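Asks: Give me a 3D structure for the following:
(2 chains)
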Amino acid sequence: MEAVKAPRGTRDILGDESWKWAYVTGICRDVADDYGYKEVHLPIFEHTELFSRGVGDTTDIVEKEMYTFIDKGGRSVTLRPEMTASMVRSYLENEMSKGPQPAKLWGIGPMFRYERPQKGRYRQFVQFDMEAIGAQDALVDLETIDFSMEIYRRLGLRNLQVVLNSVGCPKCRPVYRKALQDFLRPRYDELCDTCKGRFERNPLRILDCKSPICKEITENAPAVTDCLCDECRDHYEQLNRGLEKIGAVVVHDNRLVRGLDYYTKTAYEIQSGDLGAQNAVCGGGRYDNLAEAIGGPHVPGVGFASGIERVILTMEAQGCSFGRKPANKVYVVAAELSARLDAMALMRTLRCSRISADMDYMGRSMKGQMKAAGAAAEYACIIGTSEIEKGVVTVKNLKEGTQEELTDEQLINKLKQ
RNA sequence: GUGAGUGUAGCUCAACUGGUUAGAGUACUGGAUUGUGGUUCCAGUUGUUGCGGGUUCAAGUCCCGUCACUCACCCCA
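Replies: Predicted structure coming up:
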């Protein structure tokens, strides 16, 4: 019988890689602390309704990418495809509006989307997510973008492009929508099949179409930013002034349309030139109508999500540092089989002093143990009958090849430094 | 969901147009060196050629199916 394998689009992150994850998520955590955001732990599955109403039931995510199932109580639940809807749900449910505003939250964890895997795209993937809920000031949009850029700056990433757009609000979007439809109508027949379908349902997405014909047709289409209402225009201008003030370089792209319905006003993406087709390392924006969509009062919010796999892929492509790879300080070598219990005791002493140590459990020869020591540790601590008699341990510096005899106490003092 | 490419040892890859018992490097284990690794030398272990079926005297090689991986479309982090 064939052994069971991990499901498609999932993968195991093993010891040769997991330390990189600890480094990256540690930096995300540091930045969140410095920006005054608090960590939250939210459920990995939610009522399906949260996403169909929040993300939008005509979006690809909800229409064809969700892991939805009926639980034993007959409820339809869904493995979260993104975190923002849960964040807003949590804000409402925990009455965070009664606390300091905006509520500044962050979280990290796995998301699930049923898609065909490719480079930088998995069915289970990890996102770092931050949200500022309860404020409509453009300064918060600015902080959001700045926050994301600061993470990548600290990680040492280069060649990133911040792509910015405003997608308007319920007041101006219908105006733009109509302007766009009027513009496209004369050449409707030439649009690709998917865009014909988008024409009524979500014409903004046509701007994002990669088919050459559609690209050509939309080339001179009216821009969203030309149709913004006064409020949205002000907001966008304030944000741009702020970005200029902090020296952020952004690219304006009127075609940037996010695939989630809840975005209003600010929409942005940070793209990496060192990924494949899935080049967005971060995506976010404002979602002033999300709270209402899921049955709450009007509560504005902004935030972004960043895909950790993609960040790590980009860092690897750019040769960025991941800090120090964890390695044992000491490998304890038992010169004879009879000394293994003493080796074990020494190892325990070291570990209790927070000196990382390991030893052989395979009954290997001394030579074999030394070889393992050389591959895994800075020092070899050799213990055998002569050491036991003298009450010492032979300590060998494996890089320099020097060695000396030390008591346990001397050894700990030496290695503690 | 669509398209293309790839599946041979733990890893990286060989095996001419189908032709003997599927090889090499690396890794691993032991030895040379009976208490000392990273260099060298010697020896040894490692395989359902992804899986299932078909064609053939003969299949790692050709055909069909299936699964997985990779890349792209789509979508997005």
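
Asks: Relative to residue A:148, how far out is the residue of the stretch 51-200 of chain A found nearest RNA strand B?
Replies: Of all residues in the stretch 51-200 of chain A, residue A:119 sits closest to RNA strand B, at 2.8 Å by CB to the nearest atom of the strand. From N, CA and C alone the C-beta is placed, and that goes for glycine too. Using CB to CB, to the nearest Å, one gets 22 Å for the distance from residue A:119 to residue A:148.

Asks: hmm, back to that, can you tell me the closest non-neighbouring residue to the residue of the stretch 51-200 of chain A closest to RNA strand B?
Replies: residue A:276 (3.9 Å; CB to CB, 6 or more residues apart in numbering).

Asks: show me what contacts that neighbour?
Replies: Contact analysis of residue A:276 by CB atoms under 8 Å, 6 or more residues apart in numbering lists A:118, A:119, A:120.

Asks: Neighbours of the second one, how many?
Replies: Here the count is done by other CB atoms under 10 Å, and residue A:119 has 13 residues near it.

Asks: Pretty sure it sits against residue A:272.
Replies: No - the pair residue A:119 / residue A:272 is not scored as a contact, 11.6 Å apart, by CB atoms under 8 Å.

Asks: what about residue A:368, is that helix, strand or coil?
Replies: Counting by DSSP: H, G, I helix; E, B strand; the rest coil, the backbone at residue A:368 sits in helix.

Asks: any idea how far it is from residue A:334?
Replies: For residue A:368, the distance to residue A:334 - CB to CB - is 11 Å.

Asks: between these two, who's got more neighbours?
Replies: Per other CB under 10 Å, whichever of residue A:368 and residue A:334 has more neighbours is residue A:334, with 24 against 13.

Asks: Tell me who's in contact with that one.
Replies: With CB under 8 Å, 6+ apart, residue A:334 has these contacts: A:340, A:342, A:343, A:359, A:360, A:366, A:369, A:383, A:384.

Asks: Quick check: nearest residue in space to the last one, chain neighbours excluded?
Replies: Counting by CB to CB, 6+ apart, the nearest residue to residue A:384 once its immediate chain neighbours are dropped is residue A:335, at 2.7 Å.

Asks: Please look at that neighbour and residue A:388 and confirm they touch.
Replies: No - look at residue A:335 against residue A:388 with CB under 8 Å: they stay out of range, at 9.5 Å.

Asks: neighbour count winner among those two?
Replies: Taking residue A:335 and residue A:388 together and counting by other CB under 10 Å, residue A:335 has the greater number of neighbours (19 against 15).

Asks: Regarding whichever residue of chain A sits closest to RNA strand B, what is its secondary structure?
Replies: For chain A, the residue closest to RNA strand B is residue A:259, as judged by CB to the nearest atom of the strand, at 0.4 Å. Under three-state DSSP, the three-state class of residue A:259 is coil.

Asks: So for it, what's the pLDDT?
Replies: pLDDT for residue A:259: 72.

Asks: repeat for the one 10 residues further on
Replies: Note on residue A:269: pLDDT of 95.

Asks: Tell me who's in contact with it.
Replies: Residues in contact with residue A:269 (CB under 8 Å, 6+ apart) are A:162, A:163, A:256, A:258, A:280, A:282, A:283, A:284.

Asks: Flag every residue of the stretch 151-300 of chain A that's near RNA strand B.
Replies: Contact residues (CB under 7 Å from any atom of the strand) of the stretch 151-300 of chain A with RNA strand B: A:194, A:205, A:208-211, A:257-260, A:269, A:276-283.

Asks: Now with 6 Å, please.
Replies: A:205, A:208, A:210-211, A:258-260, A:276-278, A:280-283 (CB under 6 Å from any atom of the strand).

Asks: where's residue A:130, which helix or strand?
Replies: Assigned by DSSP states H and E, residue A:130 falls within strand A:124-133.

Asks: so does that strand get close to RNA strand B?
Replies: Yes - judged by CB under 6 Å from any atom of the strand, strand A:124-133 comes into contact with RNA strand B at A:125, A:127.

Asks: just checking, what packs against that strand?
Replies: When contacts are defined as 3 or more CB pairs under 8 Å, 6 or more residues apart in numbering; DSSP states H and E, strand A:124-133 sits against helix A:15-34, helix A:84-93, strand A:103-112, helix A:138-155, strand A:301-307, helix A:308-317.

Asks: strands paired with the helix or strand harbouring residue A:251, and their directions?
Replies: According to DSSP H and E, residue A:251 maps onto strand A:250-252. Paired neighbours of strand A:250-252 in the sheet (DSSP bridges): strand A:160-166 (parallel).

Asks: in the partner strand, what counts as buried?
Replies: A:160, A:162, A:163, A:164, A:165, A:166 (16 or more other CB atoms under 10 Å).

Asks: now swap in stretch A:295-304 and tell me
Replies: So, applying 16+ other CB under 10 Å, buried residues of stretch A:295-304: A:299, A:300, A:301, A:302, A:303, A:304.

Asks: With secondary structure and pLDDT added, can I get the contacts of residue A:276 in TSV?
Replies: Below are these laid out as TSV (DSSP: H, G, I helix; E, B strand; the rest coil; pLDDT from 0 to 100):
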residue	secondary structure	pLDDT
A:118	strand	89
A:119	coil	88
A:120	coil	90
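
Asks: picking up where we left off before, ok, the residue of chain A closest to RNA strand B - contacts?
Replies: A:59, A:60, A:61, A:205.

Asks: 6 Å instead, please
Replies: Residues counted as contacts of residue A:259 (CB atoms under 6 Å, 6 or more residues apart in numbering) are A:59, A:60.

Asks: now the contacts of residue A:276 in CSV, with distance to residue A:97?
Replies: Shown next, in CSV, are these (distance: CB to CB, whole Å):
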residue, distance to residue A:97
A:118, 41
A:119, 41
A:120, 37
